[in-house]
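*Asks:* Here is the input, now give the coordinates:
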Amino acid sequence: VVGTVLGALTGHLDTGVVTGGSIEMVYLGMVAAGGNIPSDRVFAALIAVPIAIQTGVSPETAVSIAVPLGVLGVLVNNVRRTLNAIFVHKADKLADEGNVSGVWRCATVYPLALGFLLRFPLMFVINYFGADFVTAMLDLCPQWLLAGFNVMGGLLPALGFATVVFMIGKMKYLPLFIIGFFLVQYLKIPTMAAAIFGICIALLVTFMGEDDAFGTIRELTDKANAAENKRLISAHDVNGVFLRWEFTAEVSNSFERMQALAVGASFGPALAKLYPEQKDLEAALKRHLMFFNTSGNWGCLIHGTVLAMEEQKAMGADIPEEIIVGVKNGLMGPIAGVGDTVDFGTIQVILFALGASFATQGNVFGVVFPFLFGIVTTCEARALFSLGYRLGRESIQKILSGGIINKLIDCAAIVGMFVMGALSANTVKVSTPLSWTFGEKTIVLQDTLNSIAPGLLALAAVFFVLWGIKTKKWTITKLLVILIVVALVGAFLGILSV
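*Replies:* Okay, the predicted model is just below:
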């Protein structure tokens, strides 16, 4: 898309399309698990495509420029997400005042302005001075620093996977993460196959021996279709929550509370209508500014359900605040594992691969596929939001008391653990070049590790981050700094590589 737009604007459509498609090929299969992107393809393309158009370099040369810039884009994005915490704390104070519009500004206006200030000057300078400037910058960087950037790109996804595992919370299923990891390492199965295996295992473990596992949901859905219950919010209000979330979920993402600010801002206007009393509104806003992180589209199932619970609570139902928070916390991890796999590990990979293949041939039709991905996933998100709201609005209390939610959470946790293990095997990349020579015999450490089990260092990286989060109670920001330091020091000492 970036290549097509820039090519059309500059009158070099063919160069833009081919270069954009070539860059996309490098990033196929990169999944932003846990909200952490391994490399920023858009940042890379916004610099590499104009350089290719200005200088006429080949697509291969443009790709070689784009790859390190993608890692630079990750660093810029990490700075943005770190600074976004400022707006989270500002929103906390505004929530104490019941200021819904102020929370919305903290979730949209301020983060967008910050992102522009961080990205535009850097992109402008690099594009203005062109390929010579980029080449000179890369030439000035010592080899160990460039190697460190590559190691960093391989290590950082471990942060996302460990965060998802921690959010799932059911450590009894952790062996499934390891099984998924080594299944990919040994058998090289694709992501979709891992997802199918995970779903089958989850269904067998959770519902074996039950003839009508979803009878409660079916009964309640039929009742919802037949009944006309009182509503405090209109269809317009419900759609507003969905649209605000769908288009701003990642705008204010921060390492401290991830998507929490977007959740609070999305629910704000509906909460103001549900809770006319100031103290009730303040409490509602604050419980939706707590830590939250999940798949943007599949997370709509959670938001629809929670909105229904808020509506029932406002109508006098005995739904404690802890139940609402508990449903969000219990579902966000498993939903993240399933949603990232289905949307970004499967649908996106297939559609983007088709689009990139057209683009590399100079066919502008390739640009259709990213838009198709957006249409498909938006329709998916709307359906999930409606499902959650309809079930929740009519009978969320009965579903909770019936135990079906616990079964669904267990099922999603199993799938999430298994699939996250499979994805981490392909995404987390770290190795060691260390070797020792004794007489005529050379011992290569990485070969020795691979003979024990392939991918041990990558698995160790994920478990180290999980240990830091769960046992040491380290913040995401602290772990991010540790991983960056380890990558740079490891590359400098010649201990780590990818």
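
*Asks:* Is there a neighbour count for residue 447? I'd like the number.
*Replies:* Residue 447 has 10 neighbours, counted by other C-beta atoms under 10 Å. For every residue, glycine as well, the C-beta is placed using N, CA and C.

*Asks:* would it count as being in a helix?
*Replies:* Yes - counting by DSSP: H, G, I helix; E, B strand; the rest coil, residue 447 is found in a helix.

*Asks:* Relative to residue 493, how far out is it?
*Replies:* 20 Å (C-beta to C-beta, to the nearest Å).

*Asks:* just residue 22 next, same as before
*Replies:* Counting by C-beta to C-beta, the gap from residue 22 to residue 493 is 34 Å.

*Asks:* So for those two, which residue has more residues nearby?
*Replies:* Between residue 22 and residue 493, counted using other C-beta under 10 Å, residue 22 has the larger neighbour count: 24 against 10.

*Asks:* From what I see, the more buried one and residue 362 are in contact.
*Replies:* No - counting by C-beta atoms under 8 Å, residue 22 sits too far from residue 362 to count as a contact (11.0 Å).

*Asks:* quick one: residue 473 from residue 90, how far?
*Replies:* From residue 473 to residue 90 the distance is 25 Å (C-beta to C-beta).

*Asks:* Which of these two has more residues huddled nearby?
*Replies:* residue 90 (16 against 8).

*Asks:* Contacts only, for the residue nearest to the more buried one when sequence neighbours are not counted.
*Replies:* Residue nearest to residue 90 in three dimensions, not counting chain neighbours: residue 106, with 5.3 Å by C-beta to C-beta, 6 or more residues apart in numbering. Under the criterion of C-beta atoms under 8 Å, 6 or more residues apart in numbering, the neighbours of residue 106 are 87-88, 90-91, 94, 252, 261, 265.

*Asks:* Between which two of those residues is the distance greatest?
*Replies:* Farthest pair in those (C-beta to C-beta) is 94 and 252. Separation: 13.2 Å.

*Asks:* So between those two, which is more surrounded?
*Replies:* Between residue 94 and residue 252, counting by other C-beta under 10 Å, residue 252 is the more crowded of the two (31 against 22).

*Asks:* correct me, but the more buried one touches residue 264?
*Replies:* No - contact status for residue 252 versus residue 264: not in contact, 9.4 Å apart, counting by C-beta under 8 Å.

*Asks:* From what I see, residue 422 and residue 189 are in contact.
*Replies:* Yes - between residue 422 and residue 189 there is a contact at 7.5 Å, judged by C-beta under 8 Å.

*Asks:* if I look at those two, which residues touch both of them?
*Replies:* Counting by C-beta under 8 Å, 6+ apart, the residues touching both residue 422 and residue 189 are residue 183.

*Asks:* Look at those two and report which has more neighbours.
*Replies:* residue 422 (29 against 16).

*Asks:* Now do the contacts for the nearest residue to residue 20 once chain neighbours are set aside.
*Replies:* In space, and not counting its chain neighbours, residue 20 is closest to residue 3: 1.9 Å by C-beta to C-beta, 6+ apart. Residue 3 sits next to 16-21, 23, 45, 49, 359 when contact means C-beta under 8 Å, 6+ apart.

*Asks:* 10 Å instead?
*Replies:* Applying C-beta atoms under 10 Å, 6 or more residues apart in numbering, we find residue 3 in contact with 12-13, 15-24, 45-46, 48-50, 52-53, 59, 62, 359, 364, 366-367.

*Asks:* Give me the next element, helix or strand, following the helix or strand of the chain with the lowest mean pLDDT.
*Replies:* The helix or strand of the chain with the lowest confidence, counting by mean pLDDT, DSSP states H and E, is helix 215-226 at a mean of 55. Downstream of helix 215-226, the first helix or strand assigned by DSSP states H and E is helix 235-248.

*Asks:* Could you list the alpha-carbon positions for that following helix in CSV?
*Replies:* Taking Å, rounded to 0.1, in the frame of the first residue of the first chain, the C-alpha atoms of helix 235-248 are listed here in CSV:
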residue,chain,number,x,y,z
ALA,A,235,-27.8,0.7,19.1
HIS,A,236,-25.9,3.9,18.3
ASP,A,237,-24.2,3.8,21.7
VAL,A,238,-23.3,0.2,21.2
ASN,A,239,-21.9,0.8,17.8
GLY,A,240,-19.9,3.8,19.1
VAL,A,241,-18.1,1.6,21.6
PHE,A,242,-17.2,-0.9,18.8
LEU,A,243,-16.0,1.8,16.3
ARG,A,244,-14.0,3.7,18.9
TRP,A,245,-12.2,0.5,19.9
GLU,A,246,-11.7,-0.8,16.4
PHE,A,247,-10.0,2.3,15.1
THR,A,248,-8.0,3.4,18.2
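
*Asks:* so what secondary structure elements neighbour the next helix or strand after it?
*Replies:* Per DSSP H and E, the first helix or strand lying C-terminal to helix 235-248 is helix 260-274. Contact here means 3 or more C-beta pairs under 10 Å, 6 or more residues apart in numbering; DSSP states H and E; on that basis helix 260-274 packs against helix 85-96, helix 100-107, helix 109-140, helix 235-248, helix 278-287, helix 299-314.

*Asks:* tell me the most buried of those?
*Replies:* Of all those, helix 299-314 has the most neighbours on average by mean count of other C-beta atoms under 10 Å, namely a mean of 24.

*Asks:* Give me the below-cutoff pLDDT ranges for the stretch 201-350 of the chain.
*Replies:* Scanning the stretch 201-350 of the chain for pLDDT under 70 picks out 208-230, 341, 345-346, 349-350.

*Asks:* what do you get if the cut-off is 80, keeping everything else the same?
*Replies:* 206-231, 255-256, 317-320, 322-323, 325-327, 329-350 (pLDDT under 80).

*Asks:* mind listing what the residue nearest to residue 488 when sequence neighbours are not counted touches?
*Replies:* Among residues not flanking residue 488 along the chain, residue 148 sits closest, at 4.1 Å (C-beta to C-beta, 6+ apart). Residues in contact with residue 148 (C-beta under 10 Å, 6+ apart) are 71, 141-142, 484-492, 496-497.
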